[in-house]
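Asks: attaching a predicted model along with its sequence, questions to come.
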Amino acid sequence: MLKVLKIWTLVFCLLGVNFFASGQNFDEHETFGMQILNDTIVVKNGQFAFNSLTVNNNSSQAQHFNVQYNLPAGWNFVTNPSASFEIKRGEFLTIPFRISPSRAALGDFNYPVSIILKNSLTGKEKIISFIIKIKQNTNWSASLISSGIVVSKIDSIPKFVLKIRNSGNKRELFDIEIKTDLRVSLPSTGNQIFLYPGKDTLLTVYVSNNIKTSQNNNIVFYVKSKAETQMITGTVYFAEDTYIGHKKKYGVLPFDIEYVGVNAFLPNQGYSYLNIDGEYQPSANNSFTFRYRTNSFSKEEKFNTNSLFLNYQGKKFNAFAGNMVNFVNYQINGDGLKLGLKLNKQNEIQTFALKSRLSDSEMFGFKQEYQNESKTSFSSNFLIVKEHEKAENIFFGIHRFDKRFSTTNQLMLTAGYSNTLKLENKENNKGLMGGYRLEWKKGAARIQSSYHYYSDLFPGLFKGLQYGNHELSVGRKTRGFYLFSESTFRNPYLEPNEAVSLYQNSSINEHGVRLRINDNVKIATLSYSLLDQYQKNTEFGKMTGQKVGLNFSTNRIKFSQSLMLNYVKSTIKGATNKNLDKTYSVFYQMKFKDFGFNGNYNDGAVYYFDYQNFANSDIKPNSYNLSLSYTLNNKSRTFYNRSFVSLVKNTGVSEQSLNFSNEVFVEIPRIKASFNFYSNINLINVKLAPSFNISFKKALGIPLVFKKKYHSASIFMFKDKNNNDIFDKGEEPVSEVNIQVNGVTLQTNKKGMAFLKNVDKGEYIVDYRKIQNLRGWVIDGGTLDTLNIQRNISLGVPFKQSKSVSGRVVLGTDNKDQRKESLGGILIFAINKSGELIKTATNNNGEFFFNLNSDKYNIQIPTNIFEEGTTIERPIISVDLTKGEVPEVIFKVTQKKRQINIKKN
């Protein structure tokens, strides 16, 4: 028995040892690993974040795991991943998942997500983490609670309230800058504001009511955040009780008289003349303008500077008589008559006839224009010229069709024909012209192409001209690649030269590529092109070459500069001067505040005549032009002084010169006069004739006493206690309140009166909606009146006793530490049964007040102005003022507490 017991004891000991060894072996082989697909994920605002977890089982047996995911507060899984799983030995498992970020997530934070993997049997844990970044979404707005304020002596200090709201997903730092000629305070919270997402703030800027410079003054607010700037303009109205349209009740024929002296102090070279011009407008749709320029006054001879014209412009008809200067492929300068008629909104015709001042000829013209609302236009120009000196009659017509498909896509076609009749031999020479212009953009590609052709027999200034300009670009605003081609050919350049019996021809061609980089402030362009130039001559051929250019420019508010560098490698057949094969050019322009600098230097031939002039010499042409300028002016622009100093040299063409010029302008608004002085002198060679020009201009007016043109009106406002629409004894005037007449703000005096004095005939809209501080009284019969002023009139405006509605916005929150929304500047609306809308704004305490007629109203607060998670208990509250006074209207706004949301599975 003892022996059997010993045997069993030995067996159990061996089993125990083996079991312990087996357990120890399991612990040693419990190996598993975990990996994340992406350790950093960047997603756009509102998008899901995708990632995956891979777990490897490297042990000799299957293992069971539990997974715990820790997400930032407010974040969730799109589909909850498995919380536990089993992996067989030697295998792995990949768990994909998508995470939905909170809508309140910031764009400038890193959000960590941690995953805890735990062996269910042994309890061993491993932790891995990754980062989710939300792409920064900048979205903010700035606005004025009221874009216009009225300044008067009786007001407390008036103010602008600027509201800035950050609707993006990142924190924003705002800079506020104010520009105005008025005396204002700094913003109430300083010049910089830091706002979290979903937050807003109000800034108060006070305007002095003791400084008055004009009837209407602007204040410009610049709100900046990084690269974005918003400009908001507020208007300050200085209110008085009288609006004066014109100084006198009679019409005035205004005209200006100007004396111009050219080299007036040089007795043998100077001359002078007078300009007289004016305008008379009998009605809104009819006006007359005239100008008369005298012949020149000079001791030596009279220059023919005289001209006279009279123009009438009506709603549909216009007429012009006198000296005409125009251009329709032909230089027109003569005395005659022009008539125009507008047939309808789309069609207009015009015809003219004149005697030319430039030659012994008469001209007759006709023009037709058509333009519809779809941005399609068509025009035709016809001209007949009778040239007595050349004994020929010329006729040509030019037609143009223009179609604008969008702001970036446009097509224009031009076609023309001509006939020149030689009266001596009855010879007819017919000419043609045509052309097009195309602008087209599709995605990142853009084409700009134009071409114009004038035959050798087409008369006018463009005779024999062929011009083409083409550009193909690919790229965005910041950078682009360009192919370009530009060519000009002229045949004949001049008429046949009888002395040398040849035609003068010319051509300029350039074809190349450009690379451009633009960051809105700095622009850089690198270009390479092939070019040739030619002017017909008896000795030399074409100039052919290659050109490399680099352009760089900077544009800021107070500083701008531009630098251009060019290198040309060229050859010209027939030239022996080896110095002409290379040309270096530098151009630099800079402007800083009121200082300016221009510099241009060329080392080598630039134009074809440079090659002709220096082809058989050893001289290398060079030229430079350096100039410095300064402008001094006052804020009101009634005075400025511009000074220029320039140093100029051109080898073989002109000697070096140092010129100083100065221009002074002085305006005296009180007497409606201005002076202008201009002088120029060569400081190196003073004997060269300097120039000194002077002009004096004075505005005058002739009263038209035979006709009373302007009228006056008075507006009287009073509290009508007995509701009889008549001002009775004991009733009070409505004094020192603001109204608007056609947008002009007036303030009633102590007697309740406001006046319009010497105003034009017509309708005037009187707006009483600015009267909001008259508690207990409201205007009877609406908030607008129409005055039809055809004579002197008076208007009485009775106010009836009103009902008032007061209320406030109350802000509550479930979290005491949570930052509260601003309560100032919230618009509250009152809508009556007829749909008429009255609005007011809350003060800094959230309080508001309505002054209303007896009616039923819905008092409403907007629901979309607060951040996410904010609720309004009753956004619309109905009140019935026909039954007496109503209780205070309270809008309760609640901000919910934000809770940390950690998913544990």
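Replies: Here it is on my side, so go on. Numbering: from 1, shown residues only.

Asks: extract the C-alpha set from the strand or helix carrying I164 and format it as PDB.
Replies: I164 is part of strand 159-166, with elements assigned from DSSP states H and E. Taking C-alpha atoms only, strand 159-166 is exported to PDB below (Å, rounded to 0.1, in the frame of the first residue of the first chain):
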ATOM      1  CA  LYS A 159     -20.800 105.400 -32.500                       C
ATOM      2  CA  PHE A 160     -20.200 102.600 -35.000                       C
ATOM      3  CA  VAL A 161     -20.600  99.000 -33.800                       C
ATOM      4  CA  LEU A 162     -18.400  96.500 -35.800                       C
ATOM      5  CA  LYS A 163     -19.300  92.900 -35.500                       C
ATOM      6  CA  ILE A 164     -16.700  90.200 -36.300                       C
ATOM      7  CA  ARG A 165     -17.700  86.500 -36.300                       C
ATOM      8  CA  ASN A 166     -15.400  83.500 -36.800                       C
END
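
Asks: quick one: contacts of that strand?
Replies: By Cβ atoms under 8 Å, 6 or more residues apart in numbering, the list of residues contacting strand 159-166 from outside reads 139-146, 149, 172, 174, 176, 187, 193, 195-207, 219, 221, 223, 232, 234, 822, 824-825. Using the backbone N, CA and C atoms, a C-beta is placed for each residue, glycine as well.

Asks: just these: which are in strands?
Replies: 140-144, 149, 172, 174, 176, 193, 195, 200-206, 219, 221, 223, 232, 234 (DSSP state E).

Asks: residues contacting the most centrally placed residue in the chain?
Replies: Centroid-nearest residue in the chain, with Cα atoms, centre = their mean: M231, separated by 10.4 Å. Counting by Cβ under 8 Å, 6+ apart, M231 touches 220-222.

Asks: how near is it to K224?
Replies: 10 Å (Cβ to Cβ, to the nearest Å).

Asks: now do T235 against V205, distance only.
Replies: 13 Å.

Asks: then V705?
Replies: 49 Å.

Asks: tell me which of these two has more neighbours.
Replies: Between V705 and V205, V205 has the larger neighbour count (other Cβ atoms under 10 Å), namely 21 against 9.

Asks: pretty sure the more buried one sits against V220.
Replies: No - at 11.5 Å, V205 does not count as touching V220 under the criterion of Cβ atoms under 8 Å.

Asks: between those two, what contacts are shared?
Replies: Counting by Cβ under 8 Å, 6+ apart, the residues touching both V205 and V220 are I178.

Asks: so where do the strands sit in the stretch 551-700 of the chain?
Replies: 559-572, 582-592, 595-603, 622-633, 639-650, 654-668, 673-682, 691-708 (DSSP state E, counting those that start in this stretch).

Asks: in terms of mean pLDDT, which of those strands ranks lowest?
Replies: Mean pLDDT is lowest for strand 691-708 among the strands of the stretch 551-700 of the chain, at a mean of 83.

Asks: run me through the strand neighbours of that strand, direction for each.
Replies: Applying DSSP bridges to the sheet, strand 691-708 is found paired with strand 250-262 (antiparallel), strand 673-682 (antiparallel).

Asks: got a list of contacts for it?
Replies: 248-266, 671-681.

Asks: which among these count as buried?
Replies: 249, 251-252, 255-256, 258, 260-264, 674, 676-678, 680-681 (16 or more other Cβ atoms under 10 Å).

Asks: which residue comes closest to I116 once chain neighbours are left out?
Replies: Q68 (4.3 Å; Cβ to Cβ, 6 or more residues apart in numbering).

Asks: from I132, how far off is the one you found?
Replies: Distance from Q68 to I132, by Cβ to Cβ: 18 Å.

Asks: same check on R791?
Replies: 76 Å.

Asks: who has more neighbours, these two?
Replies: With other Cβ under 10 Å as the criterion, R791 and I132 differ in neighbour count, and I132 comes out ahead with 22 against 10.

Asks: who are the packing partners of the helix or strand hosting the more buried one?
Replies: Using DSSP H and E, I132 sits in strand 125-134. The contact analysis (3 or more Cβ pairs under 8 Å, 6 or more residues apart in numbering; DSSP states H and E) places strand 125-134 against strand 32-36, strand 40-43, strand 49-57, strand 110-119.
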